[in-house]
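**Q** Let me see the structure of the following:
(chains A and B)
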Amino acid sequence: AQTVTQSQPEMSVQEAETVTLSCTYDTSESDYYLFWYKQPPSRQMILVIRQEAYKQQNATENRFSVNFQKAAKSFSLKISDSQLGDAAMYFCAYIRGNKLVFGAGTILRVKS
Amino acid sequence: GAVVSQHPSWVICKSGTSVKIECRSLDFQATTMFWYRQFPKQSLMLMATSNEGSKATYEQGVEKDKFLINHASLTLSTLTVTSAHPEDSSFYICSARGGTSGRALNFYEQYFGPGTRLTVT
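**A** Have a look, this model is predicted:
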């Protein structure tokens, strides 16, 4: 079975600080895609960053970057210079073929 | 970017009635659309996958006769909750994955609608 595990139900970070959200996944495939989605209070799902498994280089999008460890099946998200607008629920997701498999989510609180 | 809309954004209906939720891809053709259900502070649960012009594929445990899905065109999918009951109250989200419409899209990427909050009284 394909599973995605987010071991941190909630995280807090001070504004302007850095926070890392953890994600591990389980797959027997060699080629796949990984995503981090953000769901703010509006509940609109927003794609934060994606990683293609065949690429060894870690993806980055402005203040967001990932630490992709393929052998360890780990895909953590680092948010630098945290802003109040980063407060949301973050979902790690794995995709192969048609379906997205989501982790349970991590609620991120940003303190001013 | 690719935009997906849902209508209505929220709906209240009485127990025993049916309610239809629409999902539209506004600027691209969606070959595949997905329907999710989400309870408060929980993850998204995939209910079904629909491809234009064919029957939807339901996930295990999802009642196909209760949650009717129609993907009539490359830009529209509908979810009808039949004979709704209070336990069907939830947040329903659709997403779409598609080909090109004026610009290239990552085939594997899903674009999400804003969701529909259903309350059954």
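**Q** contacts, neighbours, all on C-alpha from now
**A** OK.
**Q** Contacts only, for B:Tyr111.
**A** By C-alpha atoms under 8 Å, 6 or more residues apart in numbering or on different chains, B:Tyr111 lies in contact with B:Ala2, B:Val3, B:Val4, B:Ser95, B:Ala96, B:Arg97.
**Q** Tell me the buried residues within these.
**A** Buried subset of these (neighbour count, 16 or more other C-alpha atoms under 10 Å in any protein chain shown): B:Ala2, B:Val4, B:Ser95, B:Ala96, B:Arg97.
**Q** can you put those residues in JSON lines and add distance to chain A?
**A** Listed next are the buried ones among the contacts of B:Tyr111 as JSON lines, based on distance: C-alpha to the nearest C-alpha, whole Å:
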{"residue": "B:Ala2", "distance to chain A": "12"}
{"residue": "B:Val4", "distance to chain A": "11"}
{"residue": "B:Ser95", "distance to chain A": "9"}
{"residue": "B:Ala96", "distance to chain A": "11"}
{"residue": "B:Arg97", "distance to chain A": "9"}
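**Q** of all those residues, which two lie farthest apart?
**A** Between any two of the buried ones among the contacts of B:Tyr111, the greatest separation by C-alpha to C-alpha is 10.8 Å, found for B:Ala2 and B:Ser95.
**Q** Closest to A:Tyr33 out of the contacts of B:Tyr111?
**A** Nearest to A:Tyr33 among the contacts of B:Tyr111, with distances taken as C-alpha to C-alpha, is B:Arg97, at 14.4 Å.
**Q** Next one, pLDDT for the closest one please.
**A** In this model, B:Arg97 is scored at 87, pLDDT.
**Q** same deal with B:Gln110?
**A** Confidence at B:Gln110, expressed as pLDDT, is 88.
**Q** any idea how far it is from B:Thr49?
**A** The spacing between B:Gln110 and B:Thr49, counted by C-alpha to C-alpha, to the nearest Å, is 12 Å.
**Q** Quick one: classify the spatially closest residue to A:Leu84 that is not a sequence neighbour as helix, strand or coil.
**A** Nearest non-adjacent residue to A:Leu84, counting by C-alpha to C-alpha, 6 or more residues apart in numbering or on different chains: A:Val110, 5.6 Å away. Under DSSP: H, G, I helix; E, B strand; the rest coil, A:Val110 falls in the strand class.
**Q** Please look at A:Val110 and A:Ala87 and confirm they touch.
**A** Yes - if you go by C-alpha atoms under 8 Å, A:Val110 and A:Ala87 touch, sitting 5.5 Å apart.
**Q** shared neighbours, those two?
**A** With C-alpha under 8 Å, 6+ apart, A:Val110 and A:Ala87 have no common neighbours.
**Q** what about chain A, any weak spots by pLDDT?
**A** Residue ranges of chain A with pLDDT under 70: A:1-2, A:96-97.
**Q** can you give me the helices for it?
**A** In chain order, chain A shows no helices, with DSSP state H as the criterion.
**Q** Chain B contacts on that one?
**A** A:33, A:43-46, A:91, A:95, A:97-98, A:102-105 (C-alpha under 8 Å from any C-alpha of the partner chain).
**Q** repeat that with 10 Å
**A** Residues of chain A lying close to chain B (C-alpha under 10 Å from any C-alpha of the partner chain) are A:9, A:32-33, A:35, A:42-47, A:50, A:89-91, A:95-107.
**Q** hmm, which of those residues are the buried ones?
**A** Taking 16+ other C-alpha under 10 Å as the criterion, what is buried in the residues of chain A next to chain B is A:32-33, A:35, A:43, A:45-47, A:50, A:89-91, A:95, A:100-107.
**Q** Appreciated, that's everything.
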